[in-house]
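> Take a look and give me a structure for this.
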Amino acid sequence: MIKAEYFVQIARKKGFGLYAGVPCSFLKPFINYVIDSPDIQYVGAANEGEAVAIAAGAELAGMRSVAMFQNSGLGNAVNPLTSLHQIFRIPILLIVTWRGEPEGAPDEPQHKLMGAITPQLLELMQIPWAYFPTETDQIESTLDHALEFMAEHQKPYALVMKKGSVESVSLNSRLALKPPSAILELAPALKEIKNSRQELLQVIQAASQPADILLATTGYSGRELYALEDRNNQFYMVGSMGCISSLGLGIALVQPTQRVIVIDGDGAVLMRMSALAIIGYERPPNLLHILLDNQCHESTGGQKTVSHSIDFGAIAAACGYEKVVCVNTPEEVQTVIESTTEQLTFLHVKTKLGIPDKLPRPKITPPEVAQRLRQFIQKI
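Numbers count the residues shown, from 1 in each chain. Sure, this is the predicted structure:
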């Protein structure tokens, strides 16, 4: 058994400055210590997939990061771990608890199957793993081995934590209350939607500043942004649907002086709507979250979403976004983007269906997209 302090402080010296996690009783002392640490940033995620996406954003922004959660939630993280971290080559450290360990103490029935397959599941995802250290003299060598692998392969590395690995730690701080207080700017409902996604993306790209970071969600948004003009400050998400806003949160927290523009879609927001609550609580003032809402899953055949029955602006406001703007025209979109972002802002605009003829796929590979964004952020 080790003290949480020893692991976290050794990890801090090696560059790990942001932890994103979902609680587990095995992790309780570890999370408590991280929350109370003045030199560590902790983001409590709503689910495990968001935790690894937030950690990915932090890594792209230049900070080594940790995502931690119990193994029964590992399934929630499979999507981004396989189609974001592995595809874009984004290395983070995972701390996964081992509930239901076959040779361990008796546990609740819901952990039995996942406990039996946790090591194999990590191996199927091609994520190497080791046991979380239980002796102080194991900590540095364990972290060095993880860092060596991550540096060479640019992939996640996991530490599997058994019960009783960390000494008990009390939580001294309390989560600050941040009641919603949004400024609402709502346009009248449209009878006819006139603007395409491509037209609005062209406005977003043209109105953004050279130092801005543009993150495009899964589907046609990234391909259309690339087709308009490929730039070093642009990231084109593939897979990991719904994770682009969490990725943006990680970047915005680590690089608070750079504006992060997240270009999202209605289907993606619906898939991981809990991300709005975490972003709304953290409230990075440099994050502009744009929802291009065409009310369907256009890149998979045009199946309708339920967005026509949802008030996204009201949801964002209730989640803690400080400024919520719903607009109808490209000119209004331009005005919002050209304004200085001093508050966490949610911009909602509806678009009509349709994609450009002969829309190209990016010739730049996902690892190249990630690496050049790292370099762009470092230069800025």
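
> Hmm, Ser168 and Tyr33 touching each other?
No - judged on CB atoms under 8 Å, Tyr33 makes no contact with Ser168 at a distance of 10.2 Å. C-beta: built from backbone N, CA, C; applies to glycine.

> Who has more neighbours out of these two?
Neighbour comparison, Tyr33 and Ser168: the larger count goes to Tyr33, with 24 against 11 (by other CB atoms under 10 Å).

> and that one, what helix or strand is that in?
helix 28-36 (DSSP states H and E).

> Check Val349 too.
strand 345-350.

> For that strand, which strands pair with it and how are they oriented?
In the sheet, strand 345-350 lines up against strand 287-293 (parallel), strand 323-327 (parallel) (DSSP bridges).

> Pick the most deeply packed of these.
Ranked by mean neighbour count, the strands paired with strand 345-350 are led by strand 287-293 with a mean of 26 (mean count of other CB atoms under 10 Å).

> what's the average pLDDT for stretch 49-60?
Summarised as a single mean, pLDDT over stretch 49-60 is 98.

> Distance from it to the middle of the chain?
Once both centres are worked out by CA atoms, centre = their mean, to the nearest Å, stretch 49-60 turns out to sit 4 Å from its chain's centre.

> how about Gly164, secondary structure?
coil (DSSP: H, G, I helix; E, B strand; the rest coil).

> sorry, back to before: would you mind pulling up the elements that the helix holding Tyr33 packs against?
If contacts are counted by 3 or more CB pairs under 8 Å, 6 or more residues apart in numbering; DSSP states H and E, helix 28-36 sits against helix 4-13, strand 16-21, strand 41-44.

> From Leu200, how far out is Trp349?
If you look again at residue 349, you'll see it is Val, not Trp. For Val349, the distance to Leu200 equals 6 Å [CB to CB, to the nearest Å].

> One more: Phe16?
Distance from Phe16 to Leu200, by CB to CB: 38 Å.

> do Ala56 as well
Separation of Ala56 from Leu200 (CB to CB) stands at 26 Å.

> Look at those two and report which has more neighbours.
Set Ala56 next to Leu200 and count neighbours by other CB under 10 Å: Ala56 wins out with 29 against 23.

> what's near enough to touch that one?
Ala56 makes contact with Ser65, Pro80, Leu84, His85, Phe88, Ile90, Ile92, Leu247, Gly250 under the criterion CB atoms under 8 Å, 6 or more residues apart in numbering.

> Within the helices and strands, which one has it?
Ala56 belongs to helix 48-60, assigned by DSSP H and E.

> tell me the pLDDT at the closest residue to Gly57 other than its chain neighbours?
Of all residues beyond its chain neighbours, the one nearest Gly57 is Gly250 (2.3 Å), with distances taken as CB to CB, 6 or more residues apart in numbering. What the model reports as pLDDT for Gly250 is 98.
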